[in-house]
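S.K.: Here's a sequence, model it:
(chains A, B and C)
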Amino acid sequence: MTTALRCVIFRDLLLAARRSSDVLTVLLFFVIVVSLFPLGIGPEPVLLRRIAPGAIWVAALLASMLALQRVFAADHADGTLEQMLLGATPLGVIVAGKVLAHWLATGLPLVLIAPVLALQFDLPQELFGVLTLSLALGTPVLGLVGAIGAALTLGLRGGGALLSLLVLPLYIPVLIVGAGATEAAASGLGGHAQLLLLGAFLVVAAAFAPWAAAVALRISME
Amino acid sequence: MRKSGQNSPPHRERCISQAAKVGSLEAVDLKCTRGERTLFAGLAFTLRGGELLRIAGANGSGKTSLLRIACGLLEPAQGVVRWAGENIRRLQEEFWRQLVYIGHANAIKEDLSAAENLQVACTLAGLRVREVEVREALVSLGLAGRENLPARVLSQGQRRRAALGRLALSRSVPLWILDEPFTALDATATDCVQELIAGHVARGGAVMYTTHHEAHISVRAALRIDLGAI
Amino acid sequence: MSLNWFKYSSPQTFFPLAEKLALAFGAAALLACAAGLYIGFFVAPTDAQQGEAYRIIFIHVPAAWMSMFLYVVMAFWAGLGLVFNTRLSGMMASALAPTGALFTFLALWTGSLWGKPTWGTWWVWDARLTSELILLFLYFGFIALQAAIDDPRRADKAGAVLALVGAVNIPIIYFSVKWWNTLHQGASVSFTKAPAMAATMFAGMIVMALGFWFYSIAAALLRARCIMLERERTTDWAIQYAKGIA
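M.R.: Residues are numbered from 1 along each chain as shown, chains lettered A, B, ... in the order given. Below you'll find the predicted structure:
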């Protein structure tokens, strides 16, 4: 089972590396959306410092959603997904591997570039740690829960918009807790509670989401 | 490092015959509906090791659906498919470990080379194959010199050959289900694949396939089901 | 008793029963709603702080209760259909969704109408209203997903997965929104700080809730009949029925 898991992760990372434009587009989208907030709201430093965690988190949410199509759609189109359904490894394990590779390729870059973007908002540097950690814990949850949505909407017309409608309500708790972590740290309360909660979300999502996505995949592939 | 004389294919062939005695694909009272049309109903067959089953029928008669039901990808509206006496829906991975399914789609990633594609496909199917074996398989299907090119640059026929290369690596897998394997293949490749299928059946494996070409596969036990005539 | 249940688990036998039940529950709904509105608008006393405007609570709170209750029931039926592969359960779930969405919208709208005279704004980001808004999105997602899938069996199963995932998430969503609300001290308005419940007020809300519940059953059954006819339109009984009306 671990051989197959490593094979899937390696395969997906290799594919992401060979088609790096896909991955870079998501990253650029993230950067652009973050930049839209000051353009829409005004460049007042005090205001920007206040909205920074929220704005960065919303942008990360939207970028994650944009990237979700990549998880299953390509494999579905060329028939490799079908072969995974007929594999010797439980589909949940394969889905977990794909989501992990997907996060490494699209989620991790967001986490790494977030502090740089926080500079644009003049967020105090001592908050960078909490912000990065909240994104590091939160973006995998977004990927895991989003994978369920991606599996349900596989091959449907209405594609991206339908996926957003399904998945965004489920993303909201992660957004509230994730952005709340940095805000709590900013107001001096410390973001520990929120970070722990994010960790709990991650554990629960990692345990259940791959299995739910596997069920959804079998339904969509009938 | 294995010594060349100790590949022991007889051992593997014996395994297939034993498995095939136990593992036979049995379909009982299958009914398939696509949308509102009933494609077929009351379909039953048994496919044992050493037998070749051809599903024939006009376009749209449900050949692909039947194959997918036999694989376990599609749930029939009625009826059950059994492998070695057990419902395949319950066996799941246990059944799939004994199955190779090659559908219409090649299941080839364009950004990977043919060799990488085969390696991944076999690993996910639970087969341990060495690089050498993968290369040999591709060469035997006429892709010598093209194993390491990204599949993007291969022609349709070459991609189909790469997909079918899996068969050369699946000699120990009892059940082969092939959906139009000869599509896009030229005469040489068609002969090669027919030989692979015949060889597998001779070794005690079971093959279920559909084709529009009049295939010449010489086996001792050849069955045929005509959909649309039911 | 178990024999009786399975007798009605096929669309053909459930169809006529659904009509009778729908009419019965519809009548009961009219009575209960009439009674509830009477209690709400004439019997319950005027509130000391909010005057007459608070009376919209008799629609707002039962509607909110119904919206959450119906989601759980919908998820239950959908899950049943997924596990036992029964067609009727999936049809019930699909039939419940629009009614659930309606009550969610009603809760939001009446909440908004309550907010204006009481706190001066048409929308308040309080915990319950925000949760209701997210619940509305969950309903829309379910309806949209089923609408986008042509094959009814795939639509039922996919909807079931979505409804179950949503149902599991509802407590998480509710608590995180509540937390968010308390963190951001700006919103000191809260519908939970409603007028202290006099017994009559509570009775009024319960009666309205019952009325809404009966209405939901009636509406869902009628909708389920339409779904049954549509999906089973090639079967004999459906053709007979259609000929009978025509």
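S.K.: In chain C, which residue is most central in space?
M.R.: Closest residue to the average C-alpha location of chain C: C:G100 at 2.9 Å, with Cα atoms, centre = their mean.
S.K.: Looks like that one contacts C:A75 (just checking).
M.R.: No: C:G100 is beyond contact range of C:A75, at 10.2 Å (criterion: Cβ atoms under 8 Å). Where you see a C-beta, it was placed from the backbone N, CA and C, and this is true even at glycine.
S.K.: Quick one: distance of the longest helix along chain B to the chain centre.
M.R.: Scanning chain B for the longest helix, with DSSP state H as the assignment, gives helix B:187-202. Mean-position distance between helix B:187-202 and its chain equals 12 Å (Cα atoms, centre = their mean, to the nearest Å).
S.K.: Ok, stretch C:121-134 next?
M.R.: Distance, centroid of stretch C:121-134 to centroid of chain: 18 Å (Cα atoms, centre = their mean).
S.K.: hmm, that stretch in reach of chain A?
M.R.: Yes: with Cβ under 8 Å from any Cβ of the partner chain as the criterion, chain A is reached by stretch C:121-134 at C:I134.
S.K.: how far does that stretch stretch from start to finish?
M.R.: Its start and end residues considered, stretch C:121-134 measures 20 Å (Cα to Cα, to the nearest Å).
S.K.: right, and the helix or strand after the worst-scoring helix or strand of chain C on mean pLDDT?
M.R.: The helix or strand of chain C with the poorest confidence is helix C:2-7; it has a mean of 60 (mean pLDDT, DSSP states H and E). Using DSSP states H and E, the helix or strand that follows helix C:2-7 towards the C-terminus is helix C:11-38.
S.K.: For the helix ranked longest in chain A, give the mean pLDDT please.
M.R.: Secondary structure of chain A per DSSP H: the longest helix is helix A:45-78. For helix A:45-78, mean pLDDT is 92.
S.K.: where does the residue located most distally from the centre of chain A fall, phi/psi-wise?
M.R.: In chain A, counting by Cα atoms, centre = their mean, A:E44 sits farthest out from the average C-alpha position, at 29.4 Å. A:E44 adopts backbone torsions of phi -60, psi 120, taken as degrees, to the nearest 10.
S.K.: Also B:E51?
M.R.: Torsion angles, degrees, to the nearest 10, at B:E51: phi -120, psi 150.
S.K.: give the contact list for it.
M.R.: B:201, B:206-207, B:219, B:221-223 (Cβ atoms under 8 Å, 6 or more residues apart in numbering or on different chains).
S.K.: Give me the secondary structure label for B:R224.
M.R.: Look at B:R224: counting by DSSP: H, G, I helix; E, B strand; the rest coil, its state is strand.
S.K.: and the nearest residue to it once chain neighbours are set aside, what are its bridge partners?
M.R.: Among residues not flanking B:R224 along the chain, B:R54 sits closest, at 4.9 Å (Cβ to Cβ, 6 or more residues apart in numbering or on different chains). Going by DSSP bridges, B:R54 is paired in beta bridges with B:Y209, B:R224.
S.K.: gap between B:R54 and B:L67?
M.R.: 11 Å (Cβ to Cβ, to the nearest Å).
S.K.: Between those two, which is the more surrounded one?
M.R.: B:L67 (23 against 17; other Cβ atoms under 10 Å in any protein chain shown).
S.K.: My read is that that one contacts B:M208, right?
M.R.: Yes: here B:L67 reaches B:M208: they are 6.9 Å apart, a contact under Cβ under 8 Å.
S.K.: and C:K20, how many neighbours does it have?
M.R.: Other residues lying near C:K20 total 10 when counted by other Cβ under 10 Å.
S.K.: Phi, psi for the residue of chain B found nearest chain C please.
M.R.: For chain B and chain C, the shortest gap (Cβ to the nearest Cβ) falls at B:E36, measuring 5.9 Å. B:E36 adopts backbone torsions of phi -100, psi -20, taken as degrees, to the nearest 10.
S.K.: Surely A:C7 touches B:A121?
M.R.: No: the criterion here is Cβ under 8 Å, and A:C7 misses it with B:A121 at 9.9 Å.
S.K.: tell me which strands and helices the longest helix of chain A is in contact with?
M.R.: If contacts are counted by 3 or more Cβ pairs under 8 Å, 6 or more residues apart in numbering or on different chains; DSSP states H and E, helix A:45-78 sits against helix A:20-41, helix A:80-85, helix A:91-102, helix A:108-120, helix A:128-152, helix A:159-186.
S.K.: Which strand or helix spans residue 43?
M.R.: The chain I'm using is chain A. Per DSSP H and E, there is no helix or strand for A:P43.
S.K.: Chain B was what I was after
M.R.: strand B:37-47.
S.K.: who's in contact with that strand?
M.R.: B:24-33, B:53, B:61-62, B:65-66, B:77-79, B:175, B:206, B:208, B:223, B:225, B:227, B:230.
S.K.: any idea how far the nearest residue to C:I149 once chain neighbours are set aside is from C:R233?
M.R.: Spatial nearest neighbour of C:I149, excluding adjacent residues (Cβ to Cβ, 6+ apart): C:A155 at 4.0 Å. Going from C:A155 to C:R233 by Cβ to Cβ gives 16 Å.
S.K.: which SS class is B:T33?
M.R.: Strictly by three-state DSSP, B:T33 counts as strand.
S.K.: beta partners for it?
M.R.: According to DSSP bridges, beta-bridge pairing links B:T33 with B:T38.
S.K.: pLDDT weak spots in chain C?
M.R.: By pLDDT under 70, the weakly predicted segments of chain C are C:1-7, C:48-50, C:184-197, C:246.
S.K.: That'll do, ta.
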